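# just coords:
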């Protein structure tokens, strides 16, 4: 028995040794048609399930029996190819399949995945979809293109901040902005810092991948509560160098005008308002003895003053001040040049761009010069190195915030009877004008912001085996901005100080390193395991300094060196750091069953010592039903996947770097400096935590000619960070602490269709529709209401309502008997004419119920047409300037044209109370100034023609495209203001939204462009 066993063992060992000797190792690389490497391609022995998968760089190594002559290579979205083994190294190029909607390689945190294998929700917007859009900030180009992503420009001021909300607002006091990651580097994306993201040339961007649910985003832990936008810039490709030149030129106009009274209407209504006030007081304006008490005499005196050299009684002047707020010669000029190429070892992409865009407001302009150099080099079969480098300079001629008298839009308050200039050609100002004339700013002031931004990174890849790769990254994001202001002798700021100057310098330096291992293994062709583990460290340093001066000898010398007196100055510095450890594992069985687990530990310097570290886990699963036997042969269902996820993410941004600490500041008395306490400490301050559940369905029908996604999500955020009042006896007014909770719950639907696909004619459509319901579920302790504290607005925090709802008096129109403004009492039926007695109600919600986008792309031979409609529904807007411009002539501001519908006689039914000069009849903040903010906009329309190949050959160029692009061409809305896409800049945050206070309308542009490829 023992002899037999020994014989069997010997034979077995010999057989194994013999078989081992009869094998060979085949190495190779899989690429797409352009030469770009294909990750996760399957390489198997033809006719068997034995094989491997290509790595991130497309390379593979496979040991096969010596008698194997053929391999089968496949990748999702590409045609399968059989290749013969000729030698020990092969290069395989796969052609794209007919449909790739489910097969794209999507960028995820610290890696990539095929969309078909995703268990989280990630929306992709390709750079080609938004390229050459004539706007300053790339986030505007995302409007209407991704479900659940709400993008809103604060106003039409060019180069200013843009609000982005992914699945609703996530915080009250901390930031609700998503995290932006450019080529692996988390950058500063605060829209109110520097120029926001306007320094980035989005023609350099390959893709935007938007991580929306916790499963997709939790790998970024404490930074991911509001979603993550992964930006991948263009890379080089092997092959002949491709040179592209793009030139655009166009014009800009405002999307709309509000409309104000002309000179005749202004005079008539102002005199009527004065007479009405006299009637109330029982004054006879024609009796000289009562002259001092006559509103009419007072008004006519002002009319004489406001007329300047003209005669108001003859209506000699009729100035349209609203049109003068806008630049009637606004232009856009863009030039982009790029080169892309390389070989099997080294690939590069370089670009340079120039963007010069006039704003629609006088004195507003944005200019950007940008450059980029991306390089990837395969040093060996194991080592890959590269870098991404960008440098830009922006120059922005800024205008004042919306609430300043000298901002362009407040010019509409001036009387239309006032000439623009006197007979000597000098701009009129007070006392001739009703208020300060903002046109003086255009002649006598400057406010120029110059910014430099460098975003760059280096990386090193080492491949231990085809399935085990180490990657190390180091990146920096350096922002420098200087603001140079000068206000001349006639300006509202400089007239009392013989000129005023201010210089501000801002620097924010952020450096980041990521170091992680990626493991990929296919076992027996049915088990696919991917794992990532690593660490990250990031630090931010911020420096700010400013100096002010007055008393300039002449206006031509605008620098502070010429100031007679330096009147102020200060410097400050701040810093914060975060260290992280993360891991993720993905498992796929038989292409049917998907599982993903991730976790991240973050430590932040912003929190108290007991709460500096937080753990943010996530789990998700997917079931590809279309791979099951009962659906695999279906001619209708091409793809069907059910997925579900749950995860926790956090937020540590938006409330300063030292919120948990007790702070002291310098104070001076009698030229002696000392310390005073400035902030109450809170060592228990901790992370805001968002828990999100997502259930989704991905589908493809009729060979994926119809595909889409359906998602339902619930996001609960707790431990909200907020400054709460403290007793005055403490010596402080507020303390930063964790209070309350909030919920966002919603539904998303995406539908993509290939309507027609023939050789010459193609038509594709894409629809996205999203509903989000925001609700505050808890405030501090038993508190259920924190009312608005700004007299012109009503934004409040109420348990059970959305963040920042409008809570205040409910306007009941004008009293038919006497024209008094009426408001509802608490029963909602009885009315009062006393604003102070009115009850408060929820009278509007600035948060939209629905957002949507509809895109159609049509091509016929060389012609292309792209049409994008974008819509926002169910939100309200409060006109904070209504108490001035639509105020029943409470004072001398020119009025909107709806005031022509005022109450005049008993029995009149109207919502415009009787005009009463100086009486404030209905001008308090109330539902009177709340309107429906819903709109549908023709966001983008592009018509293009591509020269055919025969003509290109004669011209000896690779491509030529001529196109006409329009942005914001048409807006359909009931809102009577300038534009329904508005969030006045001087008070914009998560709570204070939906306000309009002399905010500029959006820019409507039309540009012609030429794109040439060599």
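Here it is on my side, so go on. Quantities reported herein were computed from a predicted structural model and do not represent experimental measurements.
# residue 63 contacts residue 45, correct?
No - under the criterion of C-beta atoms under 8 Å, residue 63 lies out of contact with residue 45, with a separation of 10.3 Å. Any C-beta I mention is one placed from the backbone N, CA and C, and that applies to glycine too.
# with neighbour numbers in mind, choose between those two.
Just comparing residue 63 and residue 45: by other C-beta atoms under 10 Å the higher neighbour count belongs to residue 45, 19 against 11.
# show me what contacts the more buried one?
51, 64-65, 68, 70-72 (C-beta atoms under 8 Å, 6 or more residues apart in numbering).
# center of this structure, which residue is that?
The central residue of the chain, meaning the one whose C-alpha is nearest the mean C-alpha position (C-alpha atoms, centre = their mean), is residue 164 at 3.4 Å.
# name the element it belongs to?
In this structure, residue 164 sits in strand 162-166 according to DSSP states H and E.
# so what are the sheet partners of that strand and their directions?
strand 149-153 (antiparallel) (DSSP bridges).
# relative to residue 82, how far out is residue 567?
Spatial separation of residue 567 from residue 82 under the definition C-beta to C-beta, to the nearest Å is 80 Å.
# quick one: which of the two has more around it?
When residue 567 and residue 82 are compared for neighbours, residue 567 comes out ahead with 15 against 11, by other C-beta under 10 Å.
# quick one: contacts for the more buried one?
For residue 567, the set of contacting residues under the criterion of C-beta under 8 Å, 6+ apart consists of 548-550.
# picking that back up, what's opposite the residue nearest to the centre of the chain in the beta bridge?
With DSSP bridges as the criterion, residue 164 is bridged to residue 151.
# gap between the closest residue to residue 364 other than its chain neighbours and residue 322?
With C-beta to C-beta, 6 or more residues apart in numbering as the criterion, residue 364 has its nearest non-adjacent residue at 5.1 Å, and that residue is residue 399. In this structure, residue 399 lies at 16 Å from residue 322, with C-beta to C-beta as the measure.
# who has more neighbours out of these two?
Ranked by neighbour count (other C-beta under 10 Å), residue 399 and residue 322 place residue 399 first, with 27 against 19.
# quick check: residue 765 touching residue 708?
No - in this structure, residue 765 is not within contact of residue 708 by C-beta under 8 Å, at 11.0 Å.
# check contacts around the residue nearest to the centre of the chain.
139, 142, 149-151, 177-178, 191, 229.
# lowest-confidence entry in those residues?
Checking pLDDT across those, the minimum falls on residue 191 at 58.
# sketch out the low-pLDDT regions of this protein for me.
Counting by pLDDT under 70, the low-confidence segments of the chain come to 1-22, 33-36, 40, 47-50, 56-57, 76-78, 88, 96-103, 190-196, 288-292.
# quick one: the helices in it?
For the chain, helices defined by DSSP state H occupy the ranges 2-21, 127-130, 138-141, 214-217, 263-281, 295-306, 321-324, 439-444, 629-632, 882-885, 949-955.
# so which of the ones you listed is the most surrounded?
helix 214-217 (a mean of 32; mean count of other C-beta atoms under 10 Å).
# check the contacts of residue 45 and tell me the two furthest apart.
Farthest apart among those by C-beta to C-beta are 65 and 72. That separation is 15.2 Å.
# how about the strands in the stretch 601-750 of the chain?
With DSSP state E, counting those that start in this stretch, the ranges of strands along the stretch 601-750 of the chain come out as 613-624, 637-651, 663-669, 672-679, 688-701, 706-718, 721-725, 734-738, 741-757.
# can you put these in JSON lines and add distance to residue 506 and mean neighbour count?
Below are the strands of the stretch 601-750 of the chain laid out as JSON lines (distance: least, C-beta to C-beta, whole Å; neighbours: other C-beta atoms under 10 Å):
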{"stretch": "strand 613-624", "distance to residue 506": "30", "mean neighbour count": "20"}
{"stretch": "strand 637-651", "distance to residue 506": "23", "mean neighbour count": "22"}
{"stretch": "strand 663-669", "distance to residue 506": "20", "mean neighbour count": "10"}
{"stretch": "strand 672-679", "distance to residue 506": "21", "mean neighbour count": "11"}
{"stretch": "strand 688-701", "distance to residue 506": "26", "mean neighbour count": "21"}
{"stretch": "strand 706-718", "distance to residue 506": "30", "mean neighbour count": "20"}
{"stretch": "strand 721-725", "distance to residue 506": "24", "mean neighbour count": "18"}
{"stretch": "strand 734-738", "distance to residue 506": "24", "mean neighbour count": "19"}
{"stretch": "strand 741-757", "distance to residue 506": "31", "mean neighbour count": "18"}
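# for those, give me CSV that also has distance to residue 499.
Formatted as CSV, the entries for these read as follows, by distance: least, C-beta to C-beta, whole Å:
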stretch, distance to residue 499
strand 613-624, 52
strand 637-651, 44
strand 663-669, 26
strand 672-679, 30
strand 688-701, 46
strand 706-718, 49
strand 721-725, 38
strand 734-738, 38
strand 741-757, 48
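# figure out which of those is closest to residue 874.
With respect to residue 874, and counting by C-beta to C-beta, the nearest of these is strand 741-757 at 12.3 Å.
# list the neighbouring strands of that closest one plus their orientation.
Sheet pairing here is set by DSSP bridges, and for strand 741-757 it gives strand 706-718 (antiparallel), strand 761-778 (antiparallel).
# list the buried ones in the longest one?
What that stands for is strand 761-778. By 16 or more other C-beta atoms under 10 Å, the buried positions in strand 761-778 come out as 763-776, 778.
# centre of the chain to it, how far?
Strand 761-778 sits 16 Å away from the centroid of its parent chain (C-alpha atoms, centre = their mean, to the nearest Å).
# with the shortest one instead?
When distances are taken as C-alpha atoms, centre = their mean, strand 706-718 is centred 20 Å away from the chain's centroid.
# then stretch 592-607?
Centroid separation for stretch 592-607 versus its chain: 24 Å, with C-alpha atoms, centre = their mean.
# stretch 519-526 now?
39 Å.
# also stretch 360-376?
17 Å.
# now do the contacts for residue 142.
Taking C-beta under 8 Å, 6+ apart as the contact definition, residue 142 lies against 125, 130, 149, 151, 164, 208.
# how close does the third one get to residue 143?
According to C-beta to C-beta, residue 149 stands 8 Å off from residue 143.
# okay if I get the contacts of residue 142 as TSV plus distance to residue 757?
Output for those, formatted as TSV (distance: C-beta to C-beta, whole Å):
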residue	distance to residue 757
125	22
130	23
149	28
151	30
164	34
208	26
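# show me which pair in these is furthest apart.
The largest separation in these, counting by C-beta to C-beta, is between 130 and 164 at 14.1 Å.
# check contacts around residue 657.
With contact set as C-beta under 8 Å, 6+ apart, residue 657 has these partners: 540, 542, 574-576, 605-606.
# can you do 6 Å?
By C-beta atoms under 6 Å, 6 or more residues apart in numbering, residue 657 lies in contact with 574, 576, 606.
# for residue 838, same thing?
Applying C-beta under 6 Å, 6+ apart, the residues contacting residue 838 are 809, 823.
# go again using 10 Å as the cut-off
808-812, 821-826, 831-832, 924, 926 (C-beta atoms under 10 Å, 6 or more residues apart in numbering).
# out of those, flag the one nearest to residue 512.
Proximity to residue 512 was ranked across these by C-beta to C-beta; first place goes to residue 808, at 45.1 Å.
# so residue 970 touches residue 937, yeah?
Yes - Residue 970 sits in contact with residue 937 when judged by C-beta atoms under 10 Å, with a separation of 7.0 Å.
# these two: which has the busier surroundings?
residue 937 (25 against 13).
# partners of that one in the sheet?
Beta-bridge partners recorded for residue 937 (DSSP bridges): residue 870, residue 971.
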